[in-house]
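**Student:** Predicted model and sequence below, questions to follow.
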Amino acid sequence: MRRLPLSARMIVMLMAVAPLLSGCQDGTLSGMVVFDGRHVVDHERTIRGDLAVIGGEVRIASGATIQGSVWLLGGTCSVDGTVEGDVNALAGALSVGDSAVIRGKLHQAGSLLDVAPDARIVGGIAESTPEGMAGRASVGSRLLGGARQALVVGVLGLLLGFWFARPIANTGRTAFRYPSVSLAVGLLAGVIGLIVSVLVGFTIILLPLAFLMALLGLLAAVYGWFGLGAAIARRLTPGFPPPLRIGLGSLGVAMSVSVVSLVPLVGGLLGLTVTAWGLGAALITRFGLRAFRPAVIPPADPDETG
Amino acid sequence: MLDRRSKRARRSRSDDGERPRLTQRNSLIGLAGRPSAWPIRWKALAGISLFVSTMAAGYYYNVTFVQLGLLDLGTNRLGLAETDVTTLMAMFALMTFLASGITALAMTRFGWSSRMRVKLRLAALVALAQTALTFASDGIHDGTGLTVWLLAAGGVIGVGIPATFGLAVDLVPVRHRGGVAGVITAIAYFAAPLGAYPWTFEHMRLQLLPILAAGTLAVGGLACIPNRLVDEWAAQHRDPAYGVGRYTRQRGAGSPALPIVLAVLMFGVFFIDSLGFLRLSDEAVYMQGAWLSEQIGQRLFISLVHVVGAWIAGIFYSAFDYRTLFLWAFGLFALVHLMYTFPLRFGSPASVLAEPLVYALAVSIYTVLNFALWADLSTPATVARNAALGVGFSGWTATFASTSLALAWRTQGMPLMAHLRLVDATAVLLFLALLMAVYIGPRRPSSTAKGVS
């Protein structure tokens, strides 16, 4: 592939770096994140943007306004003022007082909730129980869930196989040819990608970006499964057309990961290792669009040994 | 017997067309012209094991006794002000750098850089002196005693740097340097969080004395007692598979300033690490939830992350090149210092295991570079000089500079948040500068070359 001229590369680089400067401008990011300690949003005070409570104790006093949404991920939060957006209580303890006004919805999933009778919740309360949580579901239902998930992955693999059979096959080939490089890249990229997504999410204003990053990561991991599935199915069913091979192989890999994950302690780790392996292969081949060539050590001149 | 071995070796290397014929001849027959007394694989493995154990023990001594134990000795046992102890440590770092430079100059001048027996004898002397110094450290009763001890220890460690790092060209094949560096890092850093606890001088001194004594006996025995194995190792550097580093193999492709550029980059990594950690180690909440946790599970977690990080870095070093590792190291340091500032932005310091995880990964990655890079930039004639430049200048001068700067900032009353933000900004700057250099600069020479993958 031909490289861009130096001036063009410098312009691309500057364009890539320049947006970072926007972070220096005061007021670009707004919102509030609480990790610990006691905090009170006084009456007449307005917080522009969202409020996220990860730990500690927060009280939104009567007369205070949160212009965005409230995210409760831990600690306690009592609402007596006005929240213009939604209140999402995912963990911790939430109490909504008589004078509270929530203009959006109150989503409750996994937190302790206490709502006063006179509290105004315009969008209503939506409760969802974490039934999918691994610890609580029975082995049968988890297997069923895994089978459903594997079927979706298999169908997706089949469909994608019609257009991207070659890149997917290249990803799988690379995973088996360079397993340690694929696994190392997948592990590092997976762990750091996850941490960066959470950090970006903390800024509140960049929450959509965090979701997008998480989604892209998930897609890349599933793409890695397609690659692994294609490579395995190629050995087992060499006569099948490529899309069918990819579909069947992906289904097999997804189902195997679900079954293996049922084994206590090591199961989850094995599933993550397989996923990281495929993810790494997808990344080093740029989703199968180029061949991965590891660095080579050039031949030496024997005279140089002194 | 020889024929069968020869055939096996030929078969195993049939896919390795670029490997020079010297490799087979030297390894099989022995460079002294006699058949080797040791099977090739065992001879190579024994050499690698010697290098790994020497470097891992040396590094463990450095990151535990020298960096943590002496701080405890100065502040808690002798009752010196922390600023005074830090100043002494900066002076010790400078002394180490000077001693390594002078030793490297002498080794290059007299041709000892390519003589393994001399390097091994120097390493044995260093181990003996370190054992004596560690034993005598119990007798330090005041600041003057500590100053004298640190000057002596700095001199001894300075001699040890070119001598021990220089052994790589004799003992570690070029193609395995990434993996070997990964193993050294994994051993040293797996042991450090578990073994160094609770970071007291006396605990580390008693723990390290038997290790040092055993090491002195082993290395001293190998260096002084004539034996065929050492003779064969000593001849291995004439084999290009050992003696010609990965980044010196293309005449004209690499810049002659490459070792200096890499030493500057390495200086940057050491500087950021040291400057950030010096301040973080003052925050009990960060330390007691991680490296100084009373729960062994948390320290074991950090140890295991170091092992995984070292394994990843070893693979990366072999499959990509040093630029990838530098980018990851700078990027991870930028990320982790940003992570440490997050709780401060919204309240007070809080301990979460995610930060030590990223920190351990970053440290493991650059440590692997440190163990592999200098030998790969060298030939036997230049390895002592490059190791002194790389490890002495990058590592020890960076420690000196960062310690001095941290002291100055502390004297000015700089808050933790501002300190971490400056470290973070430096890491981001170096990351972006390197990214630009990689993007704008010339293509990686080795990727286009035909060679041994």
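**Tutor:** Ah, there it is.

**Student:** and B:Leu377, how many neighbours?
**Tutor:** 23 (other CB atoms under 10 Å in any protein chain shown). In this view, the C-beta of every residue, glycine as well, is placed from N, C-alpha and C.

**Student:** residues in contact with it?
**Tutor:** B:245, B:247-248, B:258-259, B:262, B:386, B:390 (CB atoms under 8 Å, 6 or more residues apart in numbering or on different chains).

**Student:** Try it again at 7 Å.
**Tutor:** By CB atoms under 7 Å, 6 or more residues apart in numbering or on different chains, the contact list for B:Leu377 reads B:245, B:247-248, B:258-259, B:262, B:386.

**Student:** For chain A, tell me which of the residues you listed show up nearby.
**Tutor:** Filtering these for proximity to chain A by CB under 7 Å from any CB of the partner chain leaves B:Thr248.

**Student:** so which of the contacts of B:Leu377 is the most crowded?
**Tutor:** When neighbours are counted by other CB under 10 Å, B:Asn386 leads the contacts of B:Leu377 with 29 neighbours.

**Student:** mean confidence score for stretch B:236-250?
**Tutor:** Stretch B:236-250 shows a mean pLDDT of 86.

**Student:** chain center to it: distance?
**Tutor:** The chain centroid and the centroid of stretch B:236-250 are separated by 20 Å under CA atoms, centre = their mean, to the nearest Å.

**Student:** returning to what we had before: output the contacts of B:Leu377 in CSV, with secondary structure appended to each entry.
**Tutor:** Formatted as CSV, the contacts of B:Leu377 follow (DSSP: H, G, I helix; E, B strand; the rest coil):
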residue, secondary structure
B:Gly245, coil
B:Tyr247, helix
B:Thr248, helix
B:Leu258, helix
B:Pro259, helix
B:Leu262, helix
B:Asn386, helix
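
**Student:** between the contacts of B:Leu377, which is nearest A:Ala214?
**Tutor:** B:Leu262 (36.2 Å; CB to CB).

**Student:** The residue lying closest to that closest one once chain neighbours are set aside sits in which helix or strand?
**Tutor:** Closest residue to B:Leu262 apart from its sequence neighbours, by CB to CB, 6 or more residues apart in numbering or on different chains: B:Leu373 at 6.3 Å. According to DSSP states H and E, B:Leu373 maps onto helix B:354-376.

**Student:** average model confidence for that helix?
**Tutor:** Computed over helix B:354-376, the average pLDDT equals 92.

**Student:** burial measure for residue 140, as a count.
**Tutor:** Just so you know, I chose chain A. 8.

**Student:** Switch to chain B, please.
**Tutor:** By the criterion of other CB under 10 Å, B:Ile140 has 20 neighbours.

**Student:** now do the one 5 residues further on
**Tutor:** Per other CB under 10 Å, the neighbour tally for B:Gly145 reads 14.

**Student:** Tell me how far the spatially closest residue to it that is not a sequence neighbour lies from A:Gly227.
**Tutor:** Among residues not flanking B:Gly145 along the chain, B:Gly139 sits closest, at 7.3 Å (CB to CB, 6+ apart). Plainly put, B:Gly139 is 63 Å away from A:Gly227 if you go by CB to CB, to the nearest Å.

**Student:** low-scoring stretches of the stretch 201-306 of chain A, by residue?
**Tutor:** For the stretch 201-306 of chain A, the stretches with pLDDT under 70 are A:204, A:302-306.

**Student:** biggest helix in chain A, by residue count?
**Tutor:** Determined from DSSP state H, the single longest helix within chain A is helix A:139-177.

**Student:** Check which residues of it are buried.
**Tutor:** Judged by neighbour count using 16 or more other CB atoms under 10 Å in any protein chain shown, the buried positions of helix A:139-177 are A:142, A:146, A:149-150, A:153-154, A:156-158, A:160-161, A:164-165, A:167-176.

**Student:** does the strand or helix carrying B:Val285 come close to chain A?
**Tutor:** In the assignment (DSSP H and E), B:Val285 maps to helix B:284-288. No: remark: helix B:284-288 sits outside contact range of chain A, by CB under 7 Å from any CB, the gap being at least 10.6 Å.

**Student:** Chain B contacts on the stretch 151-300 of chain A?
**Tutor:** By CB under 7 Å from any CB, the residues of the stretch 151-300 of chain A that approach chain B are A:180-181, A:184, A:187-188, A:195-196, A:199, A:202, A:293-300.

**Student:** Out of those, which sit inside helices?
**Tutor:** Per DSSP H, those map to helices at A:180-181, A:184, A:187-188, A:195-196, A:199, A:202.

**Student:** show me where pLDDT drops low in the stretch 351-453 of chain B?
**Tutor:** Applying pLDDT under 70 to the stretch 351-453 of chain B picks out residues B:351, B:441-453.

**Student:** Strands along that one, start to end?
**Tutor:** Counting by DSSP state E, counting those that start in this stretch, the stretch 351-453 of chain B forms no strands at all.
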